[in-house]
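A.B. asks: Starting from these lines, generate the structure:
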Amino acid sequence: MINTREIAMEYRERHWAGIMGEQRDSGLSKKAYCLKTGIPANVFYYWQRKLRERVCQELAQNQKTETKNALAPAGWSACEIAKTVNEKETKTKAIYVEIGRYRVRVTKGTDPELLSDVCRTLQTL
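C.D. replies: Next up is the predicted model:
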């Protein structure tokens, strides 16, 4: 039986993921992008939070099932939660994101804008 609520939510998530990508690619700050496009900032941030929660849920699920993240951008080969941390690195949990042959370590303190720039750059290589 088709669950129309799930389908509608998936549609909205993909729609907003596209908007988040457009904002990122525009080079504008989130605030400036919202002003330019007429999107209320609170709605933009609501969907940003919802999408982040969804991706985190899928990452946790993928850790168990070892399947690819459906919302991960094309070209991202794998995402995994770090099991061990090198002694030289801080003792915090991390996620490793693999883009092509490159691997990026992401921690709670990673600057989102920097991570976005690094990922965009790596996808072009």
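A.B. asks: And residue 18, how close does it get to residue 24?
C.D. replies: To residue 24, residue 18 is 11 Å away according to C-beta to C-beta, to the nearest Å. Bear in mind the C-beta positions are built from the backbone N, C-alpha and C, glycine included.
A.B. asks: Check which helices and strands the biggest helix by length in the chain sits against.
C.D. replies: Under DSSP state H, the helix in the chain containing the largest number of residues is helix 41-65. Secondary-structure packing of helix 41-65 (3 or more C-beta pairs under 8 Å, 6 or more residues apart in numbering; DSSP states H and E): helix 4-26, helix 30-37, strand 76-81.
A.B. asks: Tell me what angle that helix forms with helix 30-37.
C.D. replies: Orientation check (axes from the mean of the first three to the mean of the last three C-alpha atoms, to 10 degrees): helix 41-65 against helix 30-37 gives 120 degrees.
A.B. asks: and helix 41-65, what's its mean pLDDT?
C.D. replies: Mean pLDDT, computed over helix 41-65, is 79.
A.B. asks: tell me which residues in stretch 33-49 are buried?
C.D. replies: Within stretch 33-49, the residues that qualify as buried are 33, 34, 39, 44, 47, 48, counting by 16 or more other C-beta atoms under 10 Å.
A.B. asks: Any chance of a markdown table for those residues, columns distance to residue 96?
C.D. replies: As requested, those are arranged in a markdown table below (distance: C-beta to C-beta, whole Å):
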| residue | distance to residue 96 |
| --- | --- |
| 33 | 29 |
| 34 | 32 |
| 39 | 32 |
| 44 | 28 |
| 47 | 26 |
| 48 | 23 |
